[in-house]
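**Student:** Predicted model and sequence below, questions to follow.
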Amino acid sequence: MSLPLRITFEESDYTFSVLTKSINKQTSLIRIKLNDQEYDLAVNSRGEWDAADTTVQDHPGLLRAIARNVALRYRL
């Protein structure tokens, strides 16, 4: 498990961890841990990173922001 990463979303701070071990340009699925729950981030048909299989209670906007953050960090 990686060190905790931080993101500010809608004036609130969140901490998450990237659970996927090796991430490179061919990676199409990344698993993260946020608030003691695990989520999958995947590339959609337009090439954008987004949360897979989420509900309204999972805060899809926050997960989308985390997905963009991870994609920028790892240069995907």
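**Tutor:** Arrived safely, thanks for sending.
**Student:** Could you use CA atoms for every contact and neighbour count after this?
**Tutor:** Noted.
**Student:** before we move on, what SS does the most centrally placed residue in the chain have?
**Tutor:** Geometric centre of the chain, nearest residue: A67, 3.5 Å, by C-alpha atoms, centre = their mean. What DSSP: H, G, I helix; E, B strand; the rest coil gives for A67 is helix.
**Student:** That one: what's it in contact with?
**Tutor:** Listed by C-alpha atoms under 8 Å, 6 or more residues apart in numbering, the contact set of A67 reads 41, 49-51.
**Student:** hmm, 10 Å instead?
**Tutor:** A67 makes contacts with 30, 32, 40-43, 48-51, 61, 73, as judged by C-alpha atoms under 10 Å, 6 or more residues apart in numbering.
**Student:** Equivalent analysis for G61, please.
**Tutor:** The neighbours of G61, taking C-alpha under 10 Å, 6+ apart as the test, are 9-10, 50-51, 67.
**Student:** If you rank those residues by neighbours, which is first?
**Tutor:** Counting neighbours by other C-alpha atoms under 10 Å, the top entry in the contacts of G61 is A51, with 25 neighbours.
**Student:** hang on, it packs against V70?
**Tutor:** No. Between A51 and V70 there is no contact under C-alpha atoms under 10 Å: 11.8 Å.
**Student:** Quickly list what's touching both of the two.
**Tutor:** Residues touching both A51 and V70 (C-alpha under 10 Å, 6+ apart): 30, 41, 64.
**Student:** Just the ones in strands from those, please.
**Tutor:** Among the shared contacts of A51 and V70, DSSP state E puts 30, 41 in strands.
**Student:** To what extent is F16 buried, counted in neighbours?
**Tutor:** Around F16 there are 19 other residues, counting by other C-alpha under 10 Å.
**Student:** Over to the one 5 residues further on?
**Tutor:** Here the number of neighbours of K21 (other C-alpha under 10 Å) works out to 9.
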